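Peer 1: Structure for the following, please:
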Amino acid sequence: MSPMHGARSLRRLLLSAAVLPILAGCGPSAQTDGGARPPTPVKIAQAVQREVVEWDEYPGRIEAVEAVDVRARVDGYLEKVNFKAGDRVKKGDLLFVIDPRPFRAQLNFAQAELAQAKARLELARNNLKRAEHMFKSKAISEEEYDARSKGLAEAAGAEQSAEAKVYSARLNLEFTEVRAPIAGRVGREQITAGNLVKGSGADATLLTFIVSTDPVYVYVDVDERSALKYRRLSAAGCADGPKGCKPANLALADEQGFPHAGVIDYESPRLTAATGTLTLRGLFPNPDGLLSPGLFSRLRLPGSAPFQAVLLPDRAVAADLSRKFVWVVKEDQHVESRTVVPGPLIDGLRVIKEGLKPGEWVVTEGIQKLRPGAAVQAERTAAPEAGKQ
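Peer 2: Next up, the predicted model:
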């Protein structure tokens, strides 16, 4: 190697050594004075304290308060169907007409028999009056007088029998008009006009059915632990258990929240031994008919007395393999990881049972970027608001 070539190599080496510190100064560690990382931008919310109630939810089934199978009460020819399937009907509305002519004839015949019985009764009365005068004057024997007295009694009995036949015939004629026994929604007709129907005993022809729609019942089965909790709530100030102090809210499968308000009006007096559950019944107004019998629903019941709770947006609570925690922003704008004991979710807000005080600020967005002691650039958001309880 020549002396000139060695000198050039030495100059290149010295130049590289001078440039490296300059390039290093342009790296990420030099973004701020002193080499510290910049604050992490996050959004924060303040923990608030409010009075809340813990709610219990159960799957429920909606049932009609009244449900009636409409059957024929007389034999005959079905002449007319007077409704459309699914109609709303009022009590007393005409649903079916069975041919009334045979029953009208029976009524006329019974009325004629009654007229004859009345005439015989009047004749028997007159005969007895004459017999009384004749018996006093010794014109007839005591046996003859007794016979006429017996004739009057028989005529009176015959009149009563004829009146009963008229009443029965009139009832049968009324039964040819099948009317709604309750108000509600009527099902489809089970038999069409032109068919013969049977109206006696267990074989009476089923014509249709009606279910009441306003109000409706909702039945739920609660476990033994919940049943005991409700009993203790009752002892703590509710006069009559769920019936005395338990409002209830209901939601259908496609509904958000619990928009239907009602009350618990019945509590089974004993647990079902096979399942260890207690049946509760809710009563809900249903003026628009949306709560149809047979639908499944979600029933919400208050599971505690009102209490003061610390609330946070649910997204502020993070978890690792061993704990639930939140990132608390301290006064110096650095964060610390705080272990918490979360409670139930109430209207989108998480109850914090332990680990956090009202007024502390916690990170709600940007959680995944944080580490203990990290500096943050916090953007405050509005305090959480609980919806209707």
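
Peer 1: number of nearby residues for residue 185?
Peer 2: 19 (other Cβ atoms under 10 Å). Placement of C-beta: from N, CA and C, glycine included.

Peer 1: Could you look up the SS state of it?
Peer 2: Using DSSP: H, G, I helix; E, B strand; the rest coil, the structure places residue 185 in strand.

Peer 1: ok, now residue 262?
Peer 2: strand.

Peer 1: quick one: it and residue 268, what's the gap?
Peer 2: When distance is defined by Cβ to Cβ, to the nearest Å, residue 262 is 18 Å away from residue 268.

Peer 1: which one of the two has more residues nearby?
Peer 2: Neighbour count, other Cβ under 10 Å: between residue 262 and residue 268, residue 262 has more, with 21 against 15.

Peer 1: Please look at the more buried one and residue 281 and confirm they touch.
Peer 2: No: counting by Cβ atoms under 8 Å, residue 262 does not reach residue 281; the two are 10.1 Å apart.

Peer 1: Note down every partner strand of the helix or strand that contains residue 44 and its orientation.
Peer 2: Assigned by DSSP states H and E, residue 44 belongs to strand 40-46. Strand 40-46 pairs in its sheet with strand 361-365 (antiparallel), strand 376-380 (parallel), by DSSP bridges.

Peer 1: So which bits of the last one are buried?
Peer 2: Spelled out, that is strand 376-380. In terms of neighbour count (16 or more other Cβ atoms under 10 Å), strand 376-380 has its buried residues at 376, 378.

Peer 1: pLDDT averaged over that strand, what's the number?
Peer 2: Strand 376-380 carries an average pLDDT of 81.

Peer 1: Which parts of this protein are helices?
Peer 2: With helices called from DSSP state H, the chain shows them at 3-25, 101-136, 142-175, 224-235, 241-245.

Peer 1: out of those, nearest to residue 215?
Peer 2: Among those, the nearest to residue 215 by Cβ to Cβ is helix 241-245 (15.4 Å).

Peer 1: Walk me through the domains of the protein.
Peer 2: According to automatic domain parsing, the chain comprises the domains 35-52+307-380, 55-65+213-302, 100-175.

Peer 1: Can you give the distance of the first one from its chain's centre?
Peer 2: Spelled out, it's domain 35-52+307-380. 37 Å (Cα atoms, centre = their mean, to the nearest Å).

Peer 1: so who does residue 70 touch?
Peer 2: 95-96, 178, 180-181, 206-210 (Cβ atoms under 8 Å, 6 or more residues apart in numbering).

Peer 1: 7 Å instead?
Peer 2: If you count contacts by Cβ atoms under 7 Å, 6 or more residues apart in numbering, residue 70 has them with 95, 178, 207-210.

Peer 1: which of the residues you listed lies closest to residue 109?
Peer 2: residue 178 (23.5 Å).

Peer 1: What score does residue 7 have for pLDDT?
Peer 2: So residue 7 comes in at 47 (pLDDT).

Peer 1: Nearest to residue 325, out of the strands paired with strand 40-46?
Peer 2: Residue 325 lies closest to strand 361-365 among these, at 10.0 Å (Cβ to Cβ).

Peer 1: Name the residues that touch that closest one?
Peer 2: 42-47, 312-313, 315-316, 326-329, 335, 370, 381.

Peer 1: Can you give me the separation between the residue nearest to residue 123 when sequence neighbours are not counted and residue 305?
Peer 2: Of all residues not flanking residue 123 in the chain, residue 155 sits nearest, at 7.4 Å (Cβ to Cβ, 6 or more residues apart in numbering). Going from residue 155 to residue 305 by Cβ to Cβ gives 77 Å.

Peer 1: Which one of those two is surrounded by more residues?
Peer 2: residue 155 (20 against 12).

Peer 1: is it true that the more buried one touches residue 121?
Peer 2: Yes: with contacts counted by Cβ atoms under 7 Å, residue 155 reaches residue 121, the gap being 4.1 Å.

Peer 1: Next, the buried residues of the strand holding residue 44.
Peer 2: Neighbour counts over strand 40-46 (16+ other Cβ under 10 Å) mark 40, 42-46 as buried.

Peer 1: and what of stretch 284-303?
Peer 2: 284, 286, 291, 293, 297-303.

Peer 1: now do the same end-to-end measure for it.
Peer 2: Start-to-end span of stretch 284-303 (Cα to Cα, to the nearest Å) is 19 Å.

Peer 1: And stretch 59-72, by the same measure?
Peer 2: One end of stretch 59-72 to the other measures 38 Å (Cα to Cα).

Peer 1: buried sites along it?
Peer 2: Buried residues in stretch 59-72 (16+ other Cβ under 10 Å): 60, 62, 64-65, 68, 70-72.

Peer 1: And the longest strand out of those in the chain, what does it pack against?
Peer 2: Longest strand in the chain, counting residues (DSSP state E): strand 55-64. Counting contacts by 3 or more Cβ pairs under 7 Å, 6 or more residues apart in numbering; DSSP states H and E, strand 55-64 is packed against strand 216-223, strand 296-302.

Peer 1: contacting residues around that strand?
Peer 2: Defining contact as Cβ under 7 Å, 6+ apart, one finds that strand 55-64 is touched by 211-212, 216-220, 222, 226, 291-303, 346.
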